[in-house]
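J.: Next come a sequence and a model predicted from it.
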Protein chains: 2
Amino acid sequence: MASSVVSFSKTQIIKGGDITSIFDLLKGYGRVAAITGKNHFKVSPNYEKVYDVLSSLGGQFVIVSEVEPNPTVDNINFCYDILKDFKPEVLVGIGGGSVMDTTKALALKLANDGVDVWDCVEGNANPENALPTIMVPTTSGTGSEVNRYSVITNKTKIQKRALRSPAIYPKYALLVPSMTLDMNKYLTATTAIDALSHAVESLVSKNSNPISESFSEKAIKLILSNIFVAYNNGNDLVSRESLQFASTLGGLAIDITGVGLMHAIEHPITARFPHISHGQGLAILFKKIVEHSFMFNVEKYKKVADAFGIKVRGNNDMVVMHTIIDAIDYVIAYLGLNKTLSDFGVEKSDLKYIAEDAIIYMGHSIASSPYSPSKDSIEKILKEVF
Amino acid sequence: MASSVVSFSKTQIIKGGDITSIFDLLKGYGRVAAITGKNHFKVSPNYEKVYDVLSSLGGQFVIVSEVEPNPTVDNINFCYDILKDFKPEVLVGIGGGSVMDTTKALALKLANDGVDVWDCVEGNANPENALPTIMVPTTSGTGSEVNRYSVITNKTKIQKRALRSPAIYPKYALLVPSMTLDMNKYLTATTAIDALSHAVESLVSKNSNPISESFSEKAIKLILSNIFVAYNNGNDLVSRESLQFASTLGGLAIDITGVGLMHAIEHPITARFPHISHGQGLAILFKKIVEHSFMFNVEKYKKVADAFGIKVRGNNDMVVMHTIIDAIDYVIAYLGLNKTLSDFGVEKSDLKYIAEDAIIYMGHSIASSPYSPSKDSIEKILKEVF
């Protein structure tokens, strides 16, 4: 009688020619709020297009460009205070993971009398409804446009955790490849590593199934065959489009399985050291996590190898493992992300707190991973990437 | 401003331990109708389990075991007449493609005052709502449990066409691998070829995108690595489970892209010769369609080759094509489906009517295929498999 949900996402994915495609999706809404980042979007030519679309709808609208990187409870509350009297009927999130995650949290807060989003993170509040949202990703990493996660930082508790609720599935994910052309080399690199990590973590997860595998395997192939072109020629729309799909596929994959050990250790790092970008944090950990985890589920890692284009049959398991690690190493070094924790000012004395945090609030991600290390073992891994 | 919908399915996929998992999905419904096939299911031990679950719900229920293979408008009307006064709140379809497609058509008819389903097929009626449905597939071919198609035969018009409507997305697809153990060798073979054809046709479709590709590629791999075991040992639950997932993935793939040329020619064949099973009809056409289509989109067929495990790089295109064809030929022969149209009593004089039918009512599937032949060219293909 045991049963489990195999697919979750209720988001309709739309491929748009350009940003004006949101016009069709917004028809019938009288009060629209667009949420964007604090700096970048306001100077982009797309800002004007969004403004024109919203104006042409004939209803009322606001554009809230107040989202900070790594959105905090305070930042979400700040945006909420701007919006609560406006009473929007729909939210449009145009930006990267931070913007989309904030938009989801606001959708929940606005529909539930300003519910405390951290209560939702901790499961003390579980609202069942949220405002409808439309997501327009401008980076290709998070996959937040299609799943039920909103990653929020609590500065008081020094924690970075995901709010998980079926209520915050976006109504539409509008994929417009040209919206990702603005990413610089560093953002292209770090977001691609985020997407790659979602795909790999999902593929080896204890919760994986053939549907999540289909997303992960395709995402890995798309990332590895497009990241070098997009990194070197940011205006190449074909590789940008492929990376955008890969990111969405990664988001669909972790929606089914959740993330794994790498994210479990990374969140506590960037909760304490928010100047390290999420993708860079993952890049620091990536190959060590594979090295420590491989032997715990060789069959699942062979699927990773296969998606990487690495010959599995006829090769010794250890050869397969080292070839995966070498491939990851090569990609990360090529993208300029081969760093250590100490490069970013992390002190050796911080490592035990990071390991402790992982155990305290990322336990479910550790438990679903092939290798589920203790606090001491996590600290050992951290020392290896220090 | 051009935009297109990339993903359609709204069906929640649930993996069940056994058939009693439907209990949780049916909670809250007072009037339940289960739809099954005419013969097989009533003698299966699962019938009793379904009866017990429905009884234990505390509401009213009926089990309508009246669905014929290749459901006709008349058969749907017959089931409708049984159900209309009962006024079910939810329909449970337990069976193969015919049962699930009938259940979808009934869901539409019951929610819309007995609307003529053929009017819906032809687009003259477009109801926006249907009763909620729960699908429990007992074969692994159609993928109907997750998409918006219901294939219906009109005996008067001698046509077999799909009713396509977002209204008929099943609410839940309940995948219970053990429910497919009952399939005999022939049904295992023909349904696997149906699922394989969905995956291949979707992968080469003009409408394909990376999300549909992820479904197709995974489905192809799962089918090719599990069909021989399932065919030879029908009780092997691991291969049954993999084929069930493959079928669902194929159903998700064609939900995005539609089917292609092979189905466009096959439907007119089995509309006229319903004693040929759908999978057998596809098996007759399969390699010839690849042969005629390959050169029209070599890049997409290379994705087929890759999913088949065929080495693409370093091989001449024609070598790749012949290797795909040889692989298809091998699988079909192994499964005992290497037949011709004349083996089933089709006359040479029938071929021109079949070709004409394909043009008349399967035009959209022809148009989305890499190769979009004229009536005469279709007749030529039919002569080659005669």
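T.: Yep, that arrived.
J.: how about the residues of chain A near chain B?
T.: A:1-8, A:10, A:12-18, A:20-21, A:23-24, A:174-175, A:209-211, A:213-215, A:217-219, A:222, A:242, A:245-246, A:248-249, A:252 (Cβ under 8 Å from any Cβ of the partner chain). (C-beta placed from N, C-alpha, C; glycine too.)
J.: Now, of those, which are buried?
T.: Buried subset of these (neighbour count, 16 or more other Cβ atoms under 10 Å in any protein chain shown): A:3, A:6-8, A:10, A:12-16, A:20-21, A:23, A:174-175, A:209-211, A:213-215, A:217-219, A:222, A:242, A:245-246, A:248-249, A:252.
J.: show me the contacts for A:K302.
T.: By Cβ atoms under 8 Å, 6 or more residues apart in numbering or on different chains, the contact list for A:K302 reads A:V312, A:V320.
J.: How about the residue nearest the centre of chain A: what's its closest non-neighbour residue?
T.: The structure's chain A has its C-alpha centroid closest to A:T142; by Cα atoms, centre = their mean the separation is 2.4 Å. Nearest residue to A:T142 in three dimensions, chain neighbours excluded: A:G97, at 3.2 Å (Cβ to Cβ, 6 or more residues apart in numbering or on different chains).
J.: Quick one: residues contacting A:S377.
T.: Counted by Cβ under 8 Å, 6+ apart, A:S377 has contacts A:H292.
J.: three-state assignment of the residue nearest to A:L337 when sequence neighbours are not counted?
T.: Leaving aside its chain neighbours, A:L337 sits nearest to A:A283 (3.9 Å; criterion: Cβ to Cβ, 6+ apart). At A:A283, secondary structure determined by DSSP: H, G, I helix; E, B strand; the rest coil is helix.
J.: how near is A:A283 to chain B?
T.: Between A:A283 and chain B the computed distance is 24 Å (Cβ to the nearest Cβ, to the nearest Å).
J.: tell me the domain boundaries of chain A?
T.: A:12-180, A:185-384 (automatic domain parsing).
J.: B:P88: which of these is closest?
T.: domain A:12-180 (26.3 Å; Cβ to Cβ).
J.: could you give the mean pLDDT of that closest one?
T.: Across domain A:12-180, pLDDT averages out at 94.
J.: Look at that domain and report the distance between its end residues.
T.: 20 Å (Cα to Cα, to the nearest Å).
J.: Could you do stretch A:14-30 as well?
T.: The first-to-last residue distance of stretch A:14-30 comes to 22 Å (Cα to Cα).
J.: how far is that stretch from where the chain is centred?
T.: 23 Å (Cα atoms, centre = their mean, to the nearest Å).
J.: What lies in contact with that stretch?
T.: In contact with stretch A:14-30 (Cβ under 8 Å, 6+ apart) are residues A:32, A:46, A:49-50, A:52-54, A:56-57, A:59-60, A:89-90, A:92, A:94, A:134, A:136, A:171-176, A:178-179, B:1-6, B:209.
J.: Taking the chain centroid, which residue in chain A is the extreme one?
T.: Per Cα atoms, centre = their mean, the most distant residue from the centre of chain A is A:G314 (35.5 Å).
J.: mind listing what the closest residue to chain B within the stretch 251-386 of chain A touches?
T.: Nearest residue of the stretch 251-386 of chain A to chain B (Cβ to the nearest Cβ) works out as A:L252 at 8.0 Å. Residues counted as contacts of A:L252 (Cβ under 8 Å, 6+ apart) are A:S9, A:G143, A:V146, A:N147, A:S212, A:F215, B:I211.
J.: show me what contacts the second one?
T.: When contacts are counted by Cβ under 8 Å, 6+ apart, A:G143 touches A:A195, A:H198, A:S247, A:T248, A:L249, A:G250, A:G251, A:L252, A:A253, A:I254, A:D255.
J.: The last one: what's it in contact with?
T.: Listed by Cβ under 8 Å, 6+ apart, the contact partners of A:D255 are A:F8, A:S9, A:G143, A:V146, A:N147, A:R148, A:Y149.
J.: So the fourth one sits against A:T11, correct?
T.: Yes - shown here, A:V146 and A:T11 form a contact pair, counting by Cβ atoms under 8 Å, at 4.5 Å.
J.: Name the residue in these two with the higher neighbour count.
T.: A:V146 (32 against 23; other Cβ atoms under 10 Å in any protein chain shown).
J.: What separation do you get for the more buried one and A:K302?
T.: 27 Å (Cβ to Cβ, to the nearest Å).
J.: need the contact list for A:Y149.
T.: So A:Y149 contacts A:D101, A:K104, A:A162, A:L163, A:R164, A:I168, A:I254, A:D255 (Cβ under 8 Å, 6+ apart).
J.: Look up which residues are beta-bridged to whichever residue of the stretch 51-200 of chain A sits closest to chain B.
T.: Proximity of the stretch 51-200 of chain A to chain B (Cβ to the nearest Cβ) peaks at A:L175, 6.9 Å away. Beta-bridge partners for A:L175, by DSSP bridges, are A:K15.
J.: Verify the stated contact: it with A:S242.
T.: No - A:L175 is beyond contact range of A:S242, at 11.4 Å (criterion: Cβ under 8 Å).
J.: on that earlier part again, quick check: closest non-adjacent residue to the residue of the stretch 251-386 of chain A closest to chain B.
T.: Going by Cβ to Cβ, 6+ apart, A:L252 has A:F215 as its nearest residue, at 4.6 Å.
J.: if we can go back for a sec, could you look up the SS state of the residue of the stretch 251-386 of chain A closest to chain B?
T.: Applying three-state DSSP: A:L252 is helix.
J.: what about it, distance to A:V6?
T.: 12 Å.
J.: and what of A:K302?
T.: Distance, A:K302 to A:V6, by Cβ to Cβ: 22 Å.
J.: Ok, A:A355 next?
T.: For A:A355 relative to A:V6 (Cβ to Cβ), the value is 33 Å.
J.: do A:A305 as well
T.: A:A305 is 25 Å from A:V6, where distance means Cβ to Cβ.
J.: what's the span of stretch A:84-93 from first residue to last?
T.: 16 Å.
J.: Please identify the buried residues of it?
T.: For stretch A:84-93, by 16+ other Cβ under 10 Å, it's A:P88, A:E89, A:V90, A:L91, A:V92, A:G93.
J.: A:S9 reaches A:I168, doesn't it?
T.: No - using Cβ under 8 Å as the test, A:S9 is too far from A:I168 to be in contact (11.5 Å).
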